[in-house]
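Colleague: Please work out how this folds:
(chains A and B, ligands or ions: 1)
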Amino acid sequence: MTDSLVQTLSVLFAAVVFPGGIFAITLGLALKGFDRRVFARLQRRVGAPLLQPFYDVLKLMTKRTLVPENANLVVFLMVPLLGLASMGVAAAMIPIPGLYDPSPAFGDLLVLFYLLSVPAVMLMLAGSASGSPFGGIGFSREMAIMLAYEGPILLVIVSVALKTGAALGQPICLSLSEIVRYQQAHGAYLFDPWMWPAVLTYIAFIPANLGISPFDIPEAESEVLEGPLIEYSGVALGLLKLTSAVKSVVVIGLGIVLFFPNGPEGLFGLVVFALKCLVITVCGVSVLRAAVGRMRIDQAVIFYLKWPELLGIASLALVAMNL
Amino acid sequence: MNFLSRMSKKSPWLYRINAGSCNGCDVELATTACIPRYDVERLGCQYCGSPKHADIVLVTGPLTARVKDKVLRVYEEIPDPKVTVAIGVCPISGGVFRESYSIVGPIDRYLPVDVNVPGCPPRPQAIIEGIAKAIEIWAGRI
Ligand code: SF4
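Modeller: Model prediction:
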């Protein structure tokens, strides 16, 4: 009885305080602040203060929340909550090497894969429930790009799971902790040339999932006025911003766990983890965002169905050959 | 509340309404954000696409008869507390369009204007000063 109570409490703690919830929100907003600063420096501007995303979210908490007349009230207000909750749980499923091992109660890589698509689905719901034509356009674009990037990422996850499983003598290994432990002992996949197609696919997946230029098509503020977010204001918009901050931690953290989880034990492991997140944000997000413009939705979909999909298939084939 | 309002003061989001401007002022507004010398982002500002996200409204142009209703409607959609800044001489007096048959301005007949930034078009420095003043007014309203 007490055992299950303790387990429930620890799972709750993991999802709400560390490493999900509060910790992931703080890390995500800090990464966003760095991203904005680096982006501005690349354009030779001074840029916003590092803490700007925190100010933004606090500001949104003081604003009035308007609900459009022709919106579906329940869906409209539930969507940000569900998005944030799903991402809090997803963040709690990412092991931090040497410090935190998710409880098996959370489930495995496949559950995480499903949770990863929840914010995109929530954005679609937000767009369609808002009753705004721009929201509707955002909805259809989000759906198109999601269908395009889900395939490659699934191929990457399966390649890593198959490779780890083969090394451990199982058919397939879907436990994130096992993947981390194997790489801690036998070297990171990042330095294994056979895994490079998978790494590349994952790098291509990051901007589409996080909605960063050139793939910020669903939320393009200069064409569809921030698409699904158009009708949101106040606290609801703040929650959506928090969701996207936690999502960036989850997506980048999953990349670290799949390919380069090596790090020291204890609290220092946390510092190394945060540093890795920072490096990926700066190289994979800020520089990319500053260097390219926005694609059209058809170009983006064709791009994803062509290159990352091909690379994903190649990585799966390479792994299967080496089994 | 005090802590929240002190933090919010650092994050004013801007929204542009073009009420029939000749585009001169709008180009200057874009300049304040896009050119390294006049970066408004260091004040924490950010141009947003949707009126529902905005805190400070920048109105340009003399308010023509055709756009009047739309401007008022978009203005209504901005959640309180909000501050209005009139950019350019057009919203103040009509500027070069003064006494034209198609103008229903000046704008303060319809909207409560908090800060006027005169000029045709105003210099980016003046616009940034206007925004800084608007932030002060806005902080008092949170
Ligand atoms: S103030 Fe001058 S530049 Fe600005 S909209 Fe009016 S005419 Fe154009």
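
Colleague: which one's the longest helix in the chain?
Modeller: Here I'm looking at chain A. Identified as the longest helix of chain A according to DSSP state H is helix A:133-168.

Colleague: not what I meant, chain B
Modeller: Assigned via DSSP H, chain B shows its longest helix as helix B:124-141.

Colleague: Other residues contacting that one?
Modeller: Contact with helix B:124-141 is made by B:5, B:8-9, B:12, B:14, B:28-29, B:31-32, B:35, B:37-38, B:40, B:43, B:45, B:55-56, B:58, B:80-83, B:85, B:87, B:114-119, B:122, as judged by CB atoms under 8 Å, 6 or more residues apart in numbering or on different chains. Yep, even glycine has a C-beta here, placed from its N, CA and C like the rest.

Colleague: and what of stretch B:6-18?
Modeller: Under the contact criterion CB under 8 Å, 6+ apart, stretch B:6-18 has outside partners A:49, A:52, A:54-56, A:58-59, A:62, B:26, B:29, B:40, B:43-48, B:50-51, B:53-61, B:67, B:71, B:74-75, B:78, B:131, B:134-135, B:138-139, B:142.

Colleague: one more time with 6 Å
Modeller: Identification of contacts with stretch B:6-18 by CB atoms under 6 Å, 6 or more residues apart in numbering or on different chains yields A:55-56, A:58-59, A:62, B:26, B:29, B:44-48, B:51, B:53-61, B:71, B:74, B:135, B:139, B:142.

Colleague: Then stretch B:44-52?
Modeller: Here stretch B:44-52 makes contact (CB under 6 Å, 6+ apart) with A:48, A:52, A:221, A:225-226, A:230, A:233, B:10-15, B:33, B:54, B:74, B:77-78.

Colleague: So which of those belong to strands?
Modeller: Using DSSP state E, the members of the contacts of stretch B:44-52 that fall in strands are B:13-15.

Colleague: Near the ligand, list only the ones from the contacts of stretch B:6-18.
Modeller: The subset of the contacts of stretch B:6-18 within reach of the ligand, by CB under 6 Å from any ligand atom, is B:60-61.

Colleague: any idea how far the ligand is from A:Glu85?
Modeller: Residue A:85: Ala, not Glu. Separation of A:Ala85 from the ligand (CB to the nearest ligand atom, to the nearest Å): 47 Å.

Colleague: My error: substitute B:Ile131 in the last question.
Modeller: Here the criterion is CB to the nearest ligand atom. By it, B:Ile131 lies 16 Å from the ligand.

Colleague: Next: B:Gly130.
Modeller: Distance of B:Gly130 to the ligand, given as CB to the nearest ligand atom: 13 Å.

Colleague: now do A:Ile157
Modeller: Note on A:Ile157: its distance to the ligand, by CB to the nearest ligand atom, is 54 Å.

Colleague: Next: A:Lys163.
Modeller: Separation of A:Lys163 from the ligand (CB to the nearest ligand atom): 62 Å.

Colleague: For the nearest residue to that residue once chain neighbours are set aside, grab the count of nearby residues.
Modeller: Residue nearest to A:Lys163 in three dimensions, not counting chain neighbours: A:Val319, with 4.9 Å by CB to CB, 6 or more residues apart in numbering or on different chains. Residues lying near A:Val319 (other CB atoms under 10 Å in any protein chain shown) number 23.

Colleague: Doesn't B:Val59 belong to a strand?
Modeller: Yes: counting by DSSP: H, G, I helix; E, B strand; the rest coil, B:Val59 is part of a strand.

Colleague: ok, it to the ligand distance?
Modeller: 10 Å.

Colleague: How about the contacts made by that residue?
Modeller: B:17, B:19, B:86, B:91, B:107.

Colleague: repeat that with 10 Å
Modeller: B:Val59 is in contact with B:15-19, B:21, B:25, B:71, B:74-75, B:84-88, B:90-91, B:105, B:107, B:111, B:113, counting by CB atoms under 10 Å, 6 or more residues apart in numbering or on different chains.

Colleague: secondary structure class for the most centrally placed residue in chain A?
Modeller: Centrality entry for chain A: nearest residue to the mean C-alpha point is A:Val251, 2.9 Å, by CA atoms, centre = their mean. Following three-state DSSP, the label given to A:Val251 is helix.

Colleague: Once you drop chain neighbours, what's closest to it?
Modeller: Of all residues not flanking A:Val251 in the chain, A:Asn209 sits nearest, at 5.3 Å (CB to CB, 6+ apart).

Colleague: Checking that neighbour next. Helix, strand or coil?
Modeller: Assignment for A:Asn209 (three-state DSSP): helix.

Colleague: what's the burial count for it?
Modeller: 22.

Colleague: mind listing the helices for the stretch 1-150 of chain A?
Modeller: Along the stretch 1-150 of chain A, counting by DSSP state H, counting those that start in this stretch, helices occupy A:2-16, A:21-42, A:52-62, A:73-92, A:109-129, A:133-168.

Colleague: Can you say which helix or strand has the nearest residue in space to B:Gly94 that is not next to it in sequence in it?
Modeller: Spatially, and ignoring its direct neighbours in sequence, B:Gly94 is nearest to B:Pro62 (4.8 Å; CB to CB, 6+ apart). Of the helices and strands defined by DSSP states H and E, none includes B:Pro62.

Colleague: before we move on, back to that, are any of the contacts of helix B:124-141 buried, and which?
Modeller: Buried residues within the contacts of helix B:124-141, counting neighbours by 16 or more other CB atoms under 10 Å in any protein chain shown: B:5, B:8-9, B:12, B:14, B:28-29, B:31-32, B:38, B:40, B:43, B:45, B:55-56, B:58, B:81-83, B:85, B:87, B:114-119, B:122.

Colleague: hang on, A:Ser244 packs against A:Lys32?
Modeller: Yes: using CB atoms under 10 Å, A:Ser244 is in contact with A:Lys32, at 8.3 Å.

Colleague: Which one of these two is surrounded by more residues?
Modeller: Using other CB under 10 Å as the criterion, A:Ser244 and A:Lys32 rank with A:Lys32 on top: 23 against 19.

Colleague: Give the residue spans of the chain that score low on pLDDT.
Modeller: The chain I'm using is chain A. Scanning chain A for pLDDT under 70 picks out A:1, A:220-224, A:227, A:323.

Colleague: Correction: the question concerned chain B.
Modeller: Short version for chain B, where the test is pLDDT under 70: B:1, B:33-34.

Colleague: So which bits of it are right by the ligand?
Modeller: Residues of chain B lying near the ligand (CB under 6 Å from any ligand atom): B:21-22, B:24-25, B:60-61, B:88-90, B:95-96, B:120-121.

Colleague: Greatest separation within these: which pair is it?
Modeller: Distance extremes for these: the farthest pair is B:Thr60 and B:Val96 at 13.4 Å, using CB to CB.
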